[in-house]
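>>> Got a predicted model here, sequence first, then my questions.
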Amino acid sequence: MPADDPEAVLDGGLQALLVEASVRVGRFWDVDQAVMRRLRALAQLEPEVAAVIVDRDERRRQGIDVLLGRLAPESREPPARRVFALTSFETFDALAAGGSAADAIPEVIELTEAILRPATTTSQASP
C-alpha cells in the first residue's frame, strides 16, 4: 500500500488500528460504567481525582495524535479533536443509552471513519 496514498492507508492497516483502538477503548469504558460515571462526576469536585482523569485522557489524546499523524500529518488537528471526543467515556456512555458501553463500539467506529474520510480526501487533494 503506497505511503503517499492516505485513502489506501485508511482502508488498510491504519483503519484496522483505529477499529482496534475503538474496541479497546469501548471495552475499557464498559468494565464498570457506573463507577466510571461516578468517578468522572467526582472529578468535578475533587482536584486530585480530576488530575488522574485528565492524565488518562491526555494519554488517549496522544495516542490519537500518533495514529492520525500517520494518516494525514498536515490535516490532523480537527479530526484528532473529533476522534478524541468520540472515544471519550461520555460519548460511549451516551451512545449506550443505558446499555453497555461496548454496545456503542460499532457506532463509534462508523462515526470515526466518517470523520477521517474528509481528512484523507483533503490531504490527498493537496499539492
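Arrived safely, thanks for sending. Because the structure is predicted, anything quoted here is derived from the model rather than measured.

>>> starting at the chain centroid, how far to the helix or strand V35 falls within?
According to DSSP states H and E, V35 maps onto helix 33-42. The chain centroid and the centroid of helix 33-42 are separated by 19 Å under Cα atoms, centre = their mean, to the nearest Å.

>>> likewise stretch 15-35?
Per Cα atoms, centre = their mean, the centroid offset for stretch 15-35 relative to its chain is 9 Å.

>>> for it, which positions count as buried?
Q15, L18, V19, A21, S22, V25, G26, F28, W29, D30, Q33 (16 or more other Cβ atoms under 10 Å). For glycine as for every other residue, the C-beta is placed from the backbone atoms N, C-alpha and C.

>>> And the pLDDT at the closest residue to the last one other than its chain neighbours?
I take that to be Q33. Using Cβ to Cβ, 6 or more residues apart in numbering and skipping residues adjacent in sequence, the residue nearest Q33 is A101, 5.5 Å away. We have a pLDDT of 87 for A101.

>>> How about S126?
48.

>>> can you check R24 too?
86.

>>> Can I get the helix or strand containing it in PDB? Just the C-alpha atoms.
Here R24 is covered by helix 15-30, with elements defined by DSSP H and E. The C-alpha coordinates for helix 15-30 follow below in PDB (Å, rounded to 0.1, in the frame of the first residue of the first chain):
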ATOM      1  CA  GLN A  15      -8.200   1.600   9.700                       C
ATOM      2  CA  ALA A  16      -7.600  -1.700  11.400                       C
ATOM      3  CA  LEU A  17      -5.600   0.100  14.200                       C
ATOM      4  CA  LEU A  18      -8.400   2.700  14.600                       C
ATOM      5  CA  VAL A  19     -11.000   0.000  14.800                       C
ATOM      6  CA  GLU A  20      -8.900  -2.000  17.300                       C
ATOM      7  CA  ALA A  21      -8.400   1.200  19.400                       C
ATOM      8  CA  SER A  22     -12.100   2.000  19.400                       C
ATOM      9  CA  VAL A  23     -12.900  -1.600  20.500                       C
ATOM     10  CA  ARG A  24     -10.300  -1.400  23.300                       C
ATOM     11  CA  VAL A  25     -11.500   2.000  24.500                       C
ATOM     12  CA  GLY A  26     -15.100   0.800  24.400                       C
ATOM     13  CA  ARG A  27     -14.300  -2.300  26.400                       C
ATOM     14  CA  PHE A  28     -12.300  -0.200  28.900                       C
ATOM     15  CA  TRP A  29     -15.300   2.200  29.400                       C
ATOM     16  CA  ASP A  30     -17.500  -0.900  29.700                       C
END
